[in-house]
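S.K.: Provided below for reference: sequence and predicted model.
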Amino acid sequence: MYQYILRRLMLTIPVVIGVSVIVFAIIRLLPGDPARALAGVQATPQYVEQVRERYGLDEPVHIQYWTFISSAVQGDLGVSTFSRRPVTTEIAERFPRTLVLASLSLFIATIVGVSAGIVSATRRNSLFDNASMFVALVGVAAPVFWLALMLQLLFSVQLRWLPATGMGSLRHLILPSITLGMASAALMARITRSSMLDVLKQDFITTARAKGLAERVVVYKHALKNALIPVVTVLGLQFGILLGGAVLTETVFAWPGVGRLLVDSILRRDYPVVQGTVMLLAFLFVIINLVVDVIYAFLDPRIHYQEKESS
Amino acid sequence: MSQAHTPQQGGTAGQPAEAHSGETLVLHKGRRKKHSEVRTVAHHLLRNRGALIGLTIIGLFVVGSIFAPYLATHSPTETSLVSRLQTANAEHWLGTDELGRDLFSRMLYGGRISLNIGIISVVIGIAVGVPVGAVSGYYGGKLDIITQRFIDIMIAFPGILLAIVVVTVLGVGVENVMIATGIASVPIYARLVRGSVLAAKEQSYVAAAQAAGIADFSIIFRHILPNCLAPVIVQSTFQIATSILWAAGLGFLGLGAQAPTPEWGAILSNGREYIRTAHHLTTFPGLAILFMVLGFNLVGDGLRDALDPKTR
């Protein structure tokens, strides 16, 4: 087991290095002078030179990368060309807000998705099953930014129940987290349903029923535990949907998290902040996937830890 | 297959192949088998209610896109200040935007853009991802380890983020969106095909081909890959949907198609400003994206079931 975790950790190292190389490359691949890109469009020639000096942009590429990575490790990701504040400060301020939004969305998605999946599976082909699977299909297909606007239109403009944008109270979180969680809930409902249907067909369920156990005990105690394994394995994928979706959702709801910061920074050509946010989102996703894999190894004793990597 | 059989190969499906040499007959048997496989899949697909609905939706969008110049009631870019921000009426079926442009006509042309992006990005994803995955899985060893680490790095950027990074570097515009969504789908194909090739490699027909001294390249691309097509076809159907969603997202963020291109995400983003007074500018393009994505997802679900011998 620990060998597997160690192996999985080792595999993360090249990914982290690779991500940092890509983030480093963004500025170098842009047309024009990288020093100008890092200093900002309106920067004075003196400041551009200062930036060139600071990041060693006259040096060969591998030394530039070394300068970049050693400053990054020390928490120096440069200075925003828009706000003139350090990138780490900008991100540190907004990251908790994205985390709150994404966690709440995942919470809602899990509760709604898993329960809808269980009920659908136990009452196969019922009205509820058909209705919830229809909603799940639409939930996956609906563009998240459009869903956001439609919910705003209904609950903020027409009914005036909830604030359309901004943050400050729990009420501000309701629409964004429902919007962001919709696709995840839909996916979880479909996976839970099909996995539950698979498990309910197995012999040990027939045995449990033959023993005369109450259907409720069979479903919730015996079947659910096994049916949830596939749901856990796609948790990493869910976080991917959430982090990607956060970029769009935060933009619509003016939720000042890292997703909106990324979009604003791209549009303002604030490349130091673009680098920082991209790196943060990618690293976060890498860590989440690592954690999910380790949890999975603990949950499902059937997998062979040695062979896991080759699957 | 040698050149001598070309006339028979070109023959229409189901034509009787009597009075030919024995070798030709064998060839035709093989072809018949292939046809019956396609027929079985088509049969299962057409009996699937969801897939039928999906095919109908896609069909409508395809017809609308191809015949956009004939179906459009107005020019998609012609402005008219007297008919600004109208809601749906007899003259403008879906209303007009803030410059008086006809929304229905713009959306017809927008369908062309979305379908194009979906298809071309999948072509890019397949063209790069399939050979990479196949070679990586077939040879294994160091090559595989290195390739997989590169794929790991691409997968580290969640969802739309990889496409955003590519667009940041390449710049905005429809062509760059196609490239960006295409690159973002490469790791998905590479992983998928590698897995199929790993499984196929263990089959005896591969050992037979190797024993016969057939070149690796030929074994991979002529023997193994045709047997791994089913998951690629299913994935491509879903991937078209995903790419359309990503492209619309990029358009919405202002990182995709630019004004006055009538791309659905861009129309929607533009219409946001008028959501309180003229919400048709956001409602209709969003519904169009939803239905197109839904169509491809439904067909994908149907194809997956039809191609899986266990479920049909």
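M.R.: Alright, I've got the coordinates. Numbers count the residues shown, from 1 in each chain, chains lettered A, B, ... in the order given.
S.K.: hang on, isn't A:L280 packed against A:V258?
M.R.: Yes: counting by Cβ atoms under 8 Å, A:V258 is a contact partner of A:L280 at 6.3 Å. (C-beta placed from N, C-alpha, C; glycine too.)
S.K.: in terms of neighbours, single out the busier of these two.
M.R.: In this view A:L280 and A:V258 are compared by other Cβ atoms under 10 Å in any protein chain shown, and A:V258 has more residues nearby, 29 against 23.
S.K.: contact partners for that one?
M.R.: A:V258 is in contact with A:I91, A:R94, A:F95, A:R97, A:T98, A:A246, A:E250, A:T277, A:L280, A:L281, counting by Cβ atoms under 8 Å, 6 or more residues apart in numbering or on different chains.
S.K.: 6 Å instead?
M.R.: By Cβ atoms under 6 Å, 6 or more residues apart in numbering or on different chains, the contact list for A:V258 reads A:R94, A:F95, A:T98, A:T277.
S.K.: and for A:L101?
M.R.: Counting by Cβ under 6 Å, 6+ apart, A:L101 touches A:P176, A:S177.
S.K.: quick one: it and A:T249, what's the gap?
M.R.: Per Cβ to Cβ, to the nearest Å, A:L101 is found 7 Å from A:T249.
S.K.: shared neighbours of the two, anything?
M.R.: Here A:L101 and A:T249 share the contacting residues A:P176, scored by Cβ under 6 Å, 6+ apart.
S.K.: residues of chain A that sit close to chain B?
M.R.: Contacts of chain A with chain B, taken as Cβ under 6 Å from any Cβ of the partner chain, map to A:14-15, A:18-19, A:26, A:29, A:141-143, A:145-146, A:149, A:153, A:157, A:240-241, A:243-244, A:248, A:263, A:266-267, A:278, A:281-282, A:285-286.
S.K.: any chance of a ChimeraX selection covering the buried ones in the residues you listed?
M.R.: Per 16 or more other Cβ atoms under 10 Å in any protein chain shown, the buried members of the residues of chain A next to chain B correspond to this ChimeraX selection:
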select /A:14,15,18,19,26,141,142,143,145,146,149,153,240,241,243,244,248,263,266,278,281,282,285,286
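S.K.: which other residues reach the helix or strand containing A:Q64?
M.R.: Counting by DSSP states H and E, the element that carries A:Q64 is helix A:61-73. Applying Cβ under 6 Å, 6+ apart, the external contacts of helix A:61-73 come out as A:S20, A:F24, A:Y55, A:G56.
S.K.: next: stretch B:227-245.
M.R.: Contact partners of stretch B:227-245, identified using Cβ under 6 Å, 6+ apart, comprise A:143, B:114, B:118, B:121-122, B:181, B:185, B:192, B:196, B:200, B:292-293, B:296-297, B:299-300, B:303-304, B:307.
S.K.: so which of the residues you listed are in helices?
M.R.: The helices, defined by DSSP state H, take in B:114, B:118, B:121-122, B:181, B:185, B:192, B:196, B:200, B:292-293, B:296-297, B:299-300, B:303-304, B:307 from the contacts of stretch B:227-245.
S.K.: quick check: phi and psi on the residue nearest to A:V41 when sequence neighbours are not counted?
M.R.: In space, and not counting its chain neighbours, A:V41 is closest to A:R269: 6.0 Å by Cβ to Cβ, 6 or more residues apart in numbering or on different chains. With angles defined as degrees, to the nearest 10, A:R269 sits at phi 60, psi 40.
S.K.: okay, now residue 67: neighbour count?
M.R.: You didn't pick a chain, so chain A it is. For A:T67, the neighbour count with other Cβ under 10 Å is 17.
S.K.: actually chain B
M.R.: Residues near B:F67, counting by other Cβ under 10 Å, number 11.
S.K.: and chain B, which residues reach chain A?
M.R.: Chain B has residues B:149, B:152-153, B:156-161, B:165, B:168-169, B:245, B:248-249, B:252-254, B:276, B:279, B:282, B:286, B:289-290, B:293-294, B:297 near chain A, with proximity defined as Cβ under 6 Å from any Cβ.
S.K.: let's see 7 Å
M.R.: B:149, B:152-153, B:156-161, B:165, B:168-169, B:245, B:248-249, B:252-255, B:268, B:272, B:275-276, B:279, B:282, B:286, B:289-290, B:293-294, B:297 (Cβ under 7 Å from any Cβ of the partner chain).
S.K.: quick one: which of the residues you listed sit in helices?
M.R.: Members of the residues of chain B next to chain A lying in helices (criterion: DSSP H): B:149, B:152-153, B:161, B:165, B:168-169, B:245, B:248-249, B:252-253, B:268, B:282, B:286, B:289-290, B:293-294, B:297.
S.K.: narrow the residues you listed to those that are buried.
M.R.: Taking 16+ other Cβ under 10 Å as the criterion, what is buried in these is B:152-153, B:161, B:165, B:168-169, B:245, B:248-249, B:252-253, B:268, B:282, B:286, B:289-290, B:293-294, B:297.
S.K.: give me phi/psi at A:L162?
M.R.: With angles defined as degrees, to the nearest 10, A:L162 sits at phi -130, psi 150.
S.K.: can you give me the neighbour number for it?
M.R.: Neighbourhood size, A:L162 [other Cβ under 10 Å]: 16.
S.K.: surely B:P187 is within a strand?
M.R.: No: counting by DSSP: H, G, I helix; E, B strand; the rest coil, B:P187 is located in no strand; its state is helix.
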